[in-house]
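**Student:** predicted model, plus sequence, below.
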Amino acid sequence: MMQQAMTTKLSINSKRTLTALGAALVTWLAQPAWAQNFPITSGQRATANQVAQAGVPLSEIAADAPDSYLIKPGDTLWAISGLFLKSPWRWPELWGMNMSDIRNPHLIYPGQRLVLERKDGRAMLRMAGSGAAGSDAIPTETIRVSPRTRYEVLDRGPLPAIKASLIEPFLAEPIVVDADGLSNAPRIVAAQEGRVLLARGDRAYARGQNGNPMLDAPGKQQEFRVFRNATALRDPASGEILGYEAQYVGKALLARSETSSEITRANGDIGTEITPATIDIVSAKEEMRVGDRLLPEPPRELQSYTPRAPAAGVLGRVVSVYGSAVVNAAQNQVVAISLGRRDGIEPGHVMAILKDGQRVVDKTDATRPMLKLPDERNGLLMVFRTFDRVSYALVLDITSAVNVGDRLISPL
């Protein structure tokens, strides 16, 4: 994004006015709308207020925490929290350590410097060079407008909690439905010239279900996601079906509504037949085909992914690895878990992954008894999208592969 200011001969008052407007414009441009109103929960504020009074015990500070750190483009809240604290999900504590300088923990920008102060067994974090009054403003340089052309690149947006590129595809692709969710959705019924497979740029035809024809909305473009056979998501412990994960294959636009047409039959009788809706394929993750289902494109949800532990204790399981036939996941992969909105799970909740201890034979004992080794903590994952009984989570820090069936608990 670039800002161009062009001025000619200006009076002193005009220059002052333009300078003020330019500064306001820089502030507005550098704070994207999606970063303006992220919520600060009462729990986060209460924790931060408590920590702000006395700081954090040195025992909670990471062993290699730096004395100061200059925030750079590409940093994330998760990474910075882990830089100073032993437990990165304890973001409210890090925020509380600098509440006097940062009123909104979601608005932290490249160019700011964090300074760690240790005193009397406690640690406090402050913003270097901050004024007496707290501010969450963007660190900017003084802008002086002069009567000439000037260009300035504005690339200082607030830091995300995690790297957005890791989860952006999964905010649109996976969907969890109930048993009838896809069977009642409109379906592709035919393609032009008898084609079997459809790709981007192709035209196809679709019908609604259960007496609900596909109709366009005047003045509004209707976009649909295209899905294929839903796979049951089962709780690894109980075998209960938690929902059905539909396979995302692409997107389509509704070009013409579903109608009916008058026809003359072979015997001369006049009758009517269904004329399916016309759709255009605008993107394809893989080739589509007749029988694939369509669901309306939902409004984009802009979530706050502030890492934090669930308010109450949780106990869940890894259900599946998204988009893969394997049963184990690596770091930065997405998994489905057996906890959802009904369990109080929200985007940003962090959970610890436990690997079941192996069963081994005690060869040092003549009777050769079987032993169950202790369960070991394997790493962390963070929820970023929730459904009623299932959620999707990003695998963060792990020591070995995450397996379907691994247990999930609060990271305390």
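**Tutor:** Cool, the structure landed.
**Student:** where does the chain have its least confident helix or strand?
**Tutor:** Across the helices and strands of the chain, mean pLDDT, DSSP states H and E gives its lowest value to helix 12-30, namely a mean of 33.
**Student:** quick check: domain ranges of the chain?
**Tutor:** 2-153, 170-296, 315-409 (automatic domain parsing).
**Student:** rebuild these as a markdown table, extending it with distance to Thr306.
**Tutor:** Heads up, the C-betas are built off the backbone N, CA and C, glycines and all. Formatted as a markdown table, the domains of the chain follow (distance: least, Cβ to Cβ, whole Å):
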| stretch | distance to Thr306 |
| --- | --- |
| domain 2-153 | 6 |
| domain 170-296 | 17 |
| domain 315-409 | 5 |
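**Student:** just those domains: most buried one?
**Tutor:** domain 315-409 (a mean of 18; mean count of other Cβ atoms under 10 Å).
**Student:** average pLDDT across that one?
**Tutor:** For domain 315-409, the mean pLDDT works out to 90.
**Student:** one more: stretch 294-312?
**Tutor:** pLDDT averaged over stretch 294-312 gives 76.
**Student:** for the residue sitting nearest the centre point of the chain, which three-state class applies?
**Tutor:** Centroid check for the chain by Cα atoms, centre = their mean gives Phe384 as the closest residue, at 4.4 Å. What DSSP: H, G, I helix; E, B strand; the rest coil gives for Phe384 is strand.
**Student:** isn't it up against Val395?
**Tutor:** No - contact status for Phe384 versus Val395: not in contact, 11.3 Å apart, counting by Cβ atoms under 8 Å.
**Student:** what's near enough to touch Ala185?
**Tutor:** Ala185 sits next to Gln209, Phe227, Arg293, Leu294, Leu295 when contact means Cβ atoms under 8 Å, 6 or more residues apart in numbering.
**Student:** switch to 10 Å and redo it
**Tutor:** By Cβ atoms under 10 Å, 6 or more residues apart in numbering, the contact set of Ala185 is 177, 206, 208-209, 212, 224-227, 246, 292-296.
**Student:** Trp89 now?
**Tutor:** Trp89 neighbours (Cβ under 10 Å, 6+ apart): 78, 81-82, 306-310, 348-352, 380, 382, 396, 410-412.
**Student:** what secondary structure does it sit in?
**Tutor:** Look at Trp89: counting by three-state DSSP, its state is coil.
**Student:** ramachandran angles for it?
**Tutor:** When read as degrees, to the nearest 10, the backbone of Trp89 gives phi -70, psi -10.
**Student:** how much space separates it from Arg317?
**Tutor:** 20 Å (Cβ to Cβ, to the nearest Å).
**Student:** go on, Arg289?
**Tutor:** Relative to Arg317, and taking Cβ to Cβ, Arg289 is found at 34 Å.
**Student:** next: Lys372.
**Tutor:** Lys372 is 18 Å from Arg317, where distance means Cβ to Cβ.
**Student:** ranges for the helices of the stretch 101-250 of the chain?
**Tutor:** 168-172 (DSSP state H, counting those that start in this stretch).
**Student:** rounded mean pLDDT for stretch 226-243, please.
**Tutor:** pLDDT averaged over stretch 226-243 gives 90.
**Student:** kindly report the same for stretch 118-134.
**Tutor:** Here the average pLDDT along stretch 118-134 is 68.
**Student:** what's the farthest-apart pair in the contacts of Ala185?
**Tutor:** The distance between the two most remote of the contacts of Ala185 (Cβ to Cβ) is 18.7 Å, for Asn212 and Ala246.
**Student:** would you mind listing the residues touching both of Phe384 and Val395?
**Tutor:** Residues within reach of Phe384 and of Val395 at once, by Cβ under 10 Å, 6+ apart, are Leu166, Val334.
**Student:** partners of the host helix or strand of Ala352, with directions?
**Tutor:** Counting by DSSP states H and E, the element that carries Ala352 is strand 350-355. Paired strands of strand 350-355, with direction, are strand 376-386 (antiparallel), strand 407-409 (antiparallel) (DSSP bridges).
**Student:** before we move on, what SS does Ile279 have?
**Tutor:** Strictly by three-state DSSP, Ile279 counts as strand.
**Student:** what sits against the residue nearest to it when sequence neighbours are not counted?
**Tutor:** Spatial nearest neighbour of Ile279, chain neighbours left out: Ala252 (4.3 Å); criterion: Cβ to Cβ, 6 or more residues apart in numbering. Contacts for Ala252 (Cβ under 10 Å, 6+ apart) come out as 188, 198, 200, 202-204, 206, 222-226, 278-284, 288, 292, 294, 297.
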